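# Whatever this is, show me its structure:
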Amino acid sequence: MAEPEQTRSRARAWAAQVDAARRRAGLMLPDGLAALAQRLRRVLSQWLLAEVAPGRLMPWLPVGFGLGIVLYFTANREPAWWAASALALAGIAAAFLARRSIVGLPLALGFAVVALGFATATLQTMRLAHPMLVYPNWSARVDGFVEAREERARSDRITVRVEHIDLRRHDPAPARLRVAVRKGTAPDVGSFVSFKAHLSPPLQPLRPGGYDFARDMYFQGIGASGYVLGKIAIVPAPHSSGLWLRAAGFVDALRETINRRIHALLPGDRGSIASALITGKRNAISEPVSQAFYISSLAHVLAISGYHMAVVAGIAFFFLRAGLALVPSFASRRPIKKWAAAGALLTAAFYLVLSGASVSTQRAFIMIAIVLIGVVLDRPALTFRTIAIAAFAVLLVAPQAIVHPSFQMSFAAALALIAAYQYGLPWRADADTSAAARAALWGGRELAGVALASLIAGLATTPYSAFHFHRLAPYGVLANLAAMPVISVWVMPMGILGVLTMPLGFDAVFWRLMGEGVDWMIAVVLWVAHLPGAVGHIHAFATGPLLLASAGLLLLCLLHSPLRWSGAALAFGACIWVLATPRPDVLIAGDGQAAAVRGPDGRLSILFHRRDSFALKEWLAADGDGRDIKDKSLRTGVACDAIGCIGHLADGRLVSFVTSIEAFNEDCRRAAVVVSPRQAQLPCAAKLIDRRTWRARGAIALRWSGDRFAETDARPVGYDRPWAHGPREKAAASAQSHRRAQDATPRTEDLEEGD
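I've put the predicted structure just below:
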């Protein structure tokens, strides 16, 4: 006992010496403030100890895993798989060595899961490696198997597994490609087809920081996109398509049968929406109605998600359990609740297959499966552990899902709702007053629950909706309150009964009843979309505010002590950051065929564009501008002639778009910025964005910083990822530019076949 007492005496003496030194240096707090600081340290220590209690860190593991994946996607070049794997192994070893340390274990475990996420994304990219088209190809001959088909409002689209392709350039042949076909001409899944098509490389971001279509297509295994020239010929296959493709063909035929039956009874948008809810085929909805769903914050209804899975599984669970309960002798001797949960799980699995098994649907099924398995095992289902396991499962299978808006929004909404449930929702409190009892009897509590759940989910998903779609939904709660009860108790049950009775031929009445509910949905979204201020536009911002808002949401939901309110401070800081984000003064498309300039009125004017309305729509949306691309005000302050166009910046300086080489000499002297799809032959005094620049860097944004233009590139110098190779092909490109220009010109017969 003498040695510990001696150690404590030494510690007290050392502390006294430190205090004396602090007093001499003037660093010692007054006694009152020192007592307050000591109390704050004690309280914070208690809160921190509560947050690292056994079981509390488990929900943070998928957060660290996801952070590692996010770090992977921010890399400027592709990481080496062996380096990422070694880092993950080092993290695991560190966690094992620190397993007995109270402080070291959480830190080492956090580092380990971050490293594992980084390694998982790296290995997934290496596993999916496939060639991607580099240059456009006219009239490429393609033979292959149809793997998927999609119905859209104006055309159809098929994904083809290539067996043979005849490219007119020395490009790497893509293994899979996606092409548009004429409406109603898409072949069945599993068919072997032969056709000619115009193929293009996967679309690069339309602006710096914009959505990366090429990255999305890379992880889908698609190396090119385009459209079919002429007719598609269905020919005998050179070999068997394989078991997987035959199964996919069977499922697609089943989905198409249901889709056609629904459209035969419910034409137009009624049938398209009903089919979207049952089969997942949602691309045939007309543009006005589709936009109204987005504006009213009901677009989540059109995508098979956790809500649909919950409704289908819940209906199956209710009817199975109620049916088994009708046999008292059986129900008293068997665990009918567990049997009903197992039956609901099989029903959800069938719905997963029937709806096309998209990534968002797979994610929803995993979460529902965990809940139902929890019922079978007598475990609580609606917990943070449930969503943590679901997030781990999804990210292990598809780490690229973390950059998709569907993943971010669905998990944000689910996390916020589970947190609200865990902390105790107001309507869960027992009502003692007769007025409250009457309100509950008339469904007031349920309506309040729907409204509050919609508000919570809407607030949780707002940062992601603003980041990806540049819009807010001020009346989202109103639309959800008016439509969701009808969808839950009428539309979805009628759809399920329609599917079940379809083989017996008694489905027509259920589809028509479902159509009545769909009419109500359409009426609600159109009404909300036309309310004053229904469309809340917001300009684009960087990933920094989104990450800060995500951190705030995680702190608010996952922490249990008062420390969780620090998340609200982070969310507020993210809002300030978004509002302070500057907007670009000049935008240039990645193909050099379009440019826009911010004029004295603070809005964008289209300086020049050639068949690039898609990029213009994205630019206007990202600028928080609700104008249509045909609006005449987009040409305000722009003057054009035969050799180019001129626009004015807010300070009066000129921005020139040069379409003829002759204009370079004069415009380089007059303008502050010169943009051109051509390559300048002489030095230019202005800021020059010509063919050499946009070919190497993709889409470009310029912002005047007071003394120079700050440039932001979609493909920065040195950026080299599998879905966006660096300019190493450019040397060969410049050496053969004349031949490639001839190849890029469509032939007359190609144009005739595409008419």
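# CA atoms for contacts and neighbours, from now on please.
Will do.
# Give the full set of residues in contact with residue 525.
By C-alpha atoms under 8 Å, 6 or more residues apart in numbering, the residues touching residue 525 are 289, 292, 293, 295, 296, 298, 479.
# What's the per-residue pLDDT of the first one here?
Think residue 289. pLDDT for residue 289: 90.
# Pretty sure residue 669 sits against residue 686.
Yes: at 7.0 Å, residue 669 counts as touching residue 686 under the criterion of C-alpha atoms under 8 Å.
# out of the two, which sits in the more crowded spot?
Applying other C-alpha atoms under 10 Å to residue 669 and residue 686 shows that residue 686 carries more neighbours, namely 17 against 13.
# show me the contacts for the more buried one.
Residues near residue 686 by C-alpha under 8 Å, 6+ apart: 668, 669, 671, 672, 673, 674.
# And those, which is closest to residue 474?
Closest approach between the contacts of residue 686 and residue 474, by C-alpha to C-alpha: residue 673, at 39.0 Å.
# Got the phi and psi for that closest one?
phi -130, psi 140 (degrees, to the nearest 10).
# which other helices and strands contact the helix or strand where residue 496 lies?
Using DSSP states H and E, residue 496 sits within helix 492-501. Under the contact criterion of 3 or more C-alpha pairs under 8 Å, 6 or more residues apart in numbering; DSSP states H and E, helix 492-501 touches helix 268-279, helix 306-325, helix 508-529.
# Now a PyMOL select for only the buried ones of the contacts of residue 686.
Applied in PyMOL, the following selects the buried portion of the contacts of residue 686 according to 16 or more other C-alpha atoms under 10 Å:
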select buried, resi 668+671+672+673+674
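# Mark which of the contacts of residue 686 are part of strands, please.
Using DSSP state E, the members of the contacts of residue 686 that fall within strands are 673, 674.
# Include pLDDT and distance to residue 168 when you put the contacts of residue 686 into CSV, please.
Output for these, formatted as CSV (pLDDT from 0 to 100; distance: C-alpha to C-alpha, whole Å):
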residue, pLDDT, distance to residue 168
668, 90, 38
669, 88, 41
671, 91, 40
672, 92, 40
673, 93, 37
674, 92, 34
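# What is the nearest of the contacts of residue 686 to residue 646?
Taking C-alpha to C-alpha as the measure, residue 646 sits nearest to residue 671 out of these, at 8.6 Å.
# coming back round to it: can you say which of the helices and strands packed on helix 492-501 is nearest to residue 571?
Closest approach to residue 571 among those is made by helix 306-325 (25.4 Å; C-alpha to C-alpha).
# Residues touching the closest one, excluding its own?
Applying C-alpha under 8 Å, 6+ apart, the contact partners of helix 306-325 are 277, 301, 330-331, 336-337, 339-341, 343-345, 347-348, 351, 361, 363-365, 367-368, 410, 488, 492-493, 496.
# relative orientation of that helix and helix 268-279 in degrees?
Interaxial angle of helix 306-325 relative to helix 268-279 (axes from the mean of the first three to the mean of the last three C-alpha atoms, to 10 degrees): 60 degrees.
# Just the angle for helix 306-325 relative to helix 492-501, thanks.
Calculated by the same axes, to 10 degrees, helix 306-325 forms an angle of 60 degrees with helix 492-501.
# I'd like the next helix or strand past helix 306-325.
Heading C-terminal from helix 306-325, the first helix or strand you meet, by DSSP H and E, is helix 328-331.
# So which elements touch that following helix?
helix 306-325.
# what's around the nearest residue to residue 76 once chain neighbours are set aside, how many residues?
Nearest residue to residue 76 in three dimensions, chain neighbours excluded: residue 719, at 4.9 Å (C-alpha to C-alpha, 6 or more residues apart in numbering). Residue 719 is flanked by 17 other residues according to other C-alpha under 10 Å.
# With residue 184 instead?
12.
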